[in-house]
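Participant: Predicted coordinates and the sequence they were generated for:
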Protein chains: 2
Amino acid sequence: MTGSIRSLLHPRTVAVIGASNDPSRIGGRPIEAMLLNSFMGEIYPVNPKYKTVQGLKTYPSISEVPARVDTAIIAVPAALTVEALRDCANAGVQSAIVFSSGFAEVGSSGREAQDAISAIAREQGIRVLGPNCLGSFHAESGWFGTFANAPSMIRLRSGPLGIVSQSGAYGAHVFLASQMRGLGATYWVSTGNEADVSVAEIIQFFASAPEVEIIVAYAEGVQDGPRLKEAFRMARVARKPVIFLKSGRSVAGAEAAATHTASLAGADSIYDALFRQYGVHRARTTEEAVHVAYSCQFGRFPKGRRIGVQTVSGGVGIQLADACEDFGLDVPELPDVAQKQLKELVPFASARNPVDFTAQVLNDPAVMKNAVGIAIEAGGCDAQIVYLSSVPGVQSARVSTLQIFKDIRDRYPDEHISLCFIASEEVTREYEALGYPCFQEPQHAIRSLAALARFHDSFDRPAEKTSFQDTRAAAIPARGPVSEMEAKRILANAGIRVVREVLVNSATEAVEAWRSFGCPVVLKIASADIPHKTEIGGVVLDLNDEGRVFAAYELLRSRASDLVPGARVDGVVVAEMVFGGVEAVAGIVVDPVFGPAVMFGLGGVLIEVLKDVVFRLAPFDAKEARQMIDEIRGRAVLDGVRGGQACDIDALAGALSRLSVFAHRHQGAIASVDINPLIVLPDGVVAVDALIVLREDVLHEA
Amino acid sequence: MTGSIRSLLHPRTVAVIGASNDPSRIGGRPIEAMLLNSFMGEIYPVNPKYKTVQGLKTYPSISEVPARVDTAIIAVPAALTVEALRDCANAGVQSAIVFSSGFAEVGSSGREAQDAISAIAREQGIRVLGPNCLGSFHAESGWFGTFANAPSMIRLRSGPLGIVSQSGAYGAHVFLASQMRGLGATYWVSTGNEADVSVAEIIQFFASAPEVEIIVAYAEGVQDGPRLKEAFRMARVARKPVIFLKSGRSVAGAEAAATHTASLAGADSIYDALFRQYGVHRARTTEEAVHVAYSCQFGRFPKGRRIGVQTVSGGVGIQLADACEDFGLDVPELPDVAQKQLKELVPFASARNPVDFTAQVLNDPAVMKNAVGIAIEAGGCDAQIVYLSSVPGVQSARVSTLQIFKDIRDRYPDEHISLCFIASEEVTREYEALGYPCFQEPQHAIRSLAALARFHDSFDRPAEKTSFQDTRAAAIPARGPVSEMEAKRILANAGIRVVREVLVNSATEAVEAWRSFGCPVVLKIASADIPHKTEIGGVVLDLNDEGRVFAAYELLRSRASDLVPGARVDGVVVAEMVFGGVEAVAGIVVDPVFGPAVMFGLGGVLIEVLKDVVFRLAPFDAKEARQMIDEIRGRAVLDGVRGGQACDIDALAGALSRLSVFAHRHQGAIASVDINPLIVLPDGVVAVDALIVLREDVLHEA
């Protein structure tokens, strides 16, 4: 039988292998912490040298412990760890925690021992946390399977958070920062080298554990992509926000990742795609993660992005509107009726939105309450942010201001209203108790609100995979290389429109092809051995008379034989010339952890200099493709520039979705695909050039 | 005699006009605050109704106060304010503070009264703060010329900060946030509607006041551009960091600015230019402003951008490296010798940079100290960031860890070392006392460090204006419109290379011109009445044979007469065709507040869709121009894309600088200038098309 994650995170019977009387040692600290915090279960110290440890009866070996042990803390040196773990497994222990370092993180010498741990877990069903981890704790039951210092530093506040981190030191930081924000955690877990239990599996547990409402995770790299996807899917179905801290973006950072961690860091843009697709909030800083989690605990996720901003200072209103724009929120002008009512109530107010009540309203609680009420009722927004400067903490205004917001909460129990003010913790707690997220820095309020709106979108998406438009059989050859024409035939079969083209083997045939198309054509050398045709002048554009078509054919043949002597040349492709539209680029990459992903970007300087591309894991539907398209910075190009026509976004989204289905179906065969350019026209999209590279390590079924 | 700003901000004799016994009234609150805080000067309440106010002898009118009054608090209704101010001026009062609202901020009805205040200040020399302001305070002397609540809320900490804000409510927020960060302010000033004293003038005062070391300012808009520039210049000469919060970036924000404030909001990109040129840090949030100011107070401004990152957690090191990249800091690989020494000391350390000491070093203070020492001495970086998780606050490690950093400080007294850890305020204060800026969130440490490095650059720039390369007389016509050829002649005289071109009046002359150039040419219709030539097909490109040049001439003449019948046509311009290079755009705009500014961007999608442009106020030198060029997002295009040659950045910087000198000299005559395209070649730059629009309201000297 395989031990459960619950036995690891919330055990009732705990053994400590290598138990120590000295609370400064790793075999002593967990015992001291559990005794101090009145652990609700049983502790069985194991150490052949002692009869008792810290006053507890101690056993010479795990096999002599007279109970079914949920988890064993293995506090012995690295060299003895594997044997101790095997003893635990043999004794029927459900799970174990290995603190020791000296495993995969130190290179091949430790890798072998770590592999042995993995094998024991796999073969005997004992679940293992670590090695090289700080363990876990569950404050409410007094369970402290950790030698982290954090829990001893402050009064623990239990709460809706589940925290999981590969790094113990950083996980402790996240925990303390949450506590200082008044946000309690129920579980805290550090996974270290992940010989067995991974961050993904802990997220799965959190997703199903009713006591966890909000999930915060930190990872440097993930090895089991499908499990992480499944964990995110489960959290979404359970309507639990996941806030993820993932390091390793910069060049310096990536280099450190390669030397630091035993896990494989997937490409960062793939992680971005994953997080967006599964509605996970990627936090860039600890502070951001904590503020978003804090805001989530109040449970009012706005249905949309229209924000009513109300302030007692016009200048701050402008700052807040700026910040809303930065985070993709709208501050729409309020309807005339709302503005009229506000002006009647507060004649000097600026009523458009941001609304500036002016500081005067604070002298008259009834006016303030009514003004906020008008903005909520007649404003047509999805959430409110109210800036109060330092007023809630001012002695003379404290009681009346709190009463205003009590009344507002009674009247609008479901409205999301974030408050921004600067006051003592005591004052802040009073407003929090009424269900108001409170922020000293308005930007945090706004960023959190934006995150909550995205969570709302994500929770409302269908939980099960949407069905994808069926594509015709897109046969893949058994081996590469794949010629350009073949690549386009394959993509056409996958439902992506490609340019009309014909392979010809004489100048006369080329002229015939041109005639049959009835429009200007392009001639291109066709050879799987010449993937980058332009480099040898293998493409001639915009030919529309017999003589030039004829000459171009002869030119291309002679260039190919002169410049790439050994190349197998299939002939020359005559293709219709596509005029107008916007040059885009689409492609497929296959990530070793997360599988196939589709890339999209616009051609030219946007992709080449600004790296303005976006990814999505395959497969995805056209709705997801639209979001993907909307994420590129150069998005406005597709709306038409300099009086150009708007592009056909529906067709583009459809093509990207079909490409993703193709990528998903043939992920075993494909190494990568480039469609460059993919021309986006006012009516439709058309692939002009395509390159399909097959995996060379497998012989695929056609 | 004109009253001094010091009389306003640090008065010794204070009158309160409309003094009240009731501390909740604006005529009572300042008196109560001064009495409670043992104001070091004399208070003279003025109110004909009372003999005493709050226990102080009270005078029936300002003229009867038996002292030279530094400042008078005018706490009377708006309608009585002008008269009260005039009485003060007549009585020889140096300065006055007007709290009342109901002036320019409510529209034309209040504008008149505000103009009267301005006139009294101008004509009689009394300096006026407000109206519609919260006043000012100077905690050390117990001066509270304010009815803000903030000072009464917490124990005031005096310190190196000077805070000035147009908005009183927001200024109070900044003050409280600073106090909570442990950062004291010496002066706090709110300027309100600025009938007389402006934010700029307060910054000038702060720049010259020895008790102010760091300046934080908030403004929604500024009316006196030259004074603000001079204030920034003075602060730079005094080596005082200026941190500026300027609202009004977003569309919603800008709309609110127009209705909210009586001041004119300059275009935001012009403010960006101003701040960059004068080395002012533009903070986007209160929090950012406070963290940067906090970091400045330790006074160690790094000489460069190379940062040594040292952590006890590899994953956090990666996060820190990512954040450094985001803020333009480098995390260079440490020299081999440093890596070797670190590896000898801590075998499992990751020594490249970010350096991961691993948590083990914390068990051995000597190792930790030496490891940090190696990174400092052999690392060749300009500053250090050390991440310590929660260690400094852990009871068992608290004393030893503090001792490590005492020793490090003793050994490297001048090194900037920011610490990141999470612990109680008490623990944090111990490290601050040793001169370490301490941050809970590493991102704030890094952003602040980047700001400090920029301040260092700025302080080290020559204090006086650099002299600019003299340009030849670039005559400006007395009246517009200016034809394209004329525009280019003017720019050529200003030292900017333009394409060779000739104005011709017959097809034969056109052909002759083509022959004389000996290269492909462009023909363009020349008419000041047709500024946008391409719209009527008035440009024909790449002509290189007699017949086509001849035909193009005839075509352009007939198009002009057909499509713009009344246009005065000067002829046709034959210009050399420029091949290759990168299309850039340069221009001049004249901001009503800050004067002429030069714009630069790259052509195409970068400028049209991404608005990737940058501004600088004119004039500036080539070094500033280089920084300007480096700020565009598409900067890499100029280094050569797809194997293209790198562009001549020196020539581009020189051209932009000369354009700025031209803009500066002719700012009275010019409305705007467009050079589009300005082609940046591998050797030089050349203006291909230019448009100069003159101001129509003045007749200028040629």
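Facilitator: Cool, got the structure.
Participant: Relative to its centre, which residue of chain A is most distant?
Facilitator: Using CA atoms, centre = their mean, the residue of chain A lying farthest from its centre is residue A:547. It sits 56.3 Å away.
Participant: that's a helix at that one, yeah?
Facilitator: Yes - the assignment for residue A:547 (DSSP: H, G, I helix; E, B strand; the rest coil) places it in a helix.
Participant: Could you check how far it is from chain B?
Facilitator: 19 Å (CB to the nearest CB, to the nearest Å). Using the backbone N, CA and C atoms, a C-beta is placed for each residue, glycine as well.
Participant: Report pLDDT for that residue.
Facilitator: Per-residue confidence (pLDDT) for residue A:547: 93.
Participant: I'd like the distance between it and residue A:451.
Facilitator: Using CB to CB, to the nearest Å, residue A:547 is found at 63 Å from residue A:451.
Participant: Please parse chain A into its domains.
Facilitator: Listed by automatic domain parsing, the domain ranges of chain A are A:1-133, A:148-297, A:307-459, A:500-576, A:582-694.
Participant: May I see those domains arranged in CSV, with distance to residue B:193 as well?
Facilitator: Listed next are the domains of chain A as CSV, based on distance: least, CB to CB, whole Å:
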stretch, distance to residue B:193
domain A:1-133, 59
domain A:148-297, 35
domain A:307-459, 12
domain A:500-576, 64
domain A:582-694, 39
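Participant: mean pLDDT lowest for which of the ones you listed?
Facilitator: domain A:148-297 - the lowest mean pLDDT of those, at a mean of 85.
Participant: how far does that domain stretch from start to finish?
Facilitator: 26 Å (CA to CA, to the nearest Å).
Participant: Touching, residue A:209 and residue A:162? I think so.
Facilitator: Yes - Residue A:209 lies in contact with residue A:162 (CB atoms under 8 Å); the separation is 7.2 Å.
Participant: Neighbours of the closest residue to residue A:636 other than its chain neighbours, how many?
Facilitator: Among residues not flanking residue A:636 along the chain, residue B:609 sits closest, at 4.7 Å (CB to CB, 6 or more residues apart in numbering or on different chains). Other residues lying near residue B:609 total 18 when counted by other CB atoms under 10 Å in any protein chain shown.
Participant: Chain B versus residue A:378, what's the distance?
Facilitator: In terms of CB to the nearest CB, residue A:378 sits 18 Å off from chain B.
Participant: Please name the spatially closest residue to that residue (chain neighbours excluded).
Facilitator: Here the residue nearest residue A:378, using CB to CB, 6+ apart, is residue A:338, at 3.6 Å.
Participant: dump the residue contacts of that neighbour.
Facilitator: Residues counted as contacts of residue A:338 (CB atoms under 8 Å, 6 or more residues apart in numbering or on different chains) are A:351, A:374, A:375, A:377, A:378, A:379, A:380.
Participant: To which secondary structure element is it assigned?
Facilitator: Taking DSSP states H and E as the criterion, the element that holds residue A:338 is helix A:336-345.
Participant: hang on, residue A:162 is in a helix, isn't it?
Facilitator: No - using three-state DSSP, the assignment for residue A:162 is strand, not a helix.
Participant: For burial, what's the neighbour tally of it?
Facilitator: With other CB under 10 Å as criterion, residue A:162 counts 27.
Participant: that older thread, in contact with the residue nearest to residue A:636, which residues?
Facilitator: With CB under 8 Å, 6+ apart, residue B:609 has these contacts: A:634, A:636, A:637, A:641.
Participant: Kindly report the same for residue A:663.
Facilitator: Neighbours of residue A:663 in contact, by CB under 8 Å, 6+ apart: A:588, A:590, A:596, A:597, A:598, A:618, A:619, A:670, A:673.
Participant: Can you tell me which of those residues has the most neighbours?
Facilitator: Going by other CB under 10 Å, residue A:598 tops those with 30 neighbours.
Participant: Pretty sure residue A:608 sits against residue B:640.
Facilitator: No - contact criterion CB under 8 Å: residue A:608 and residue B:640 do not qualify, at 11.1 Å.
Participant: any idea which element the nearest residue to residue A:222 once chain neighbours are set aside lies in?
Facilitator: Nearest non-adjacent residue to residue A:222, counting by CB to CB, 6+ apart: residue A:228, 5.2 Å away. Here residue A:228, judged by DSSP H and E, is contained in helix A:225-237.
Participant: And the strands in the stretch 601-702 of chain A, which stretches?
Facilitator: A:613-617, A:670-681, A:684-687, A:690-694 (DSSP state E, counting those that start in this stretch).
Participant: Likewise for the stretch 451-600 of chain A?
Facilitator: A:501-504, A:521-526, A:539-543, A:571-576, A:582-591, A:595-602.
Participant: TSV for those strands, including distance to residue A:515?
Facilitator: Putting those into TSV (distance: least, CB to CB, whole Å) gives the following:
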stretch	distance to residue A:515
strand A:501-504	11
strand A:521-526	10
strand A:539-543	12
strand A:571-576	10
strand A:582-591	28
strand A:595-602	34
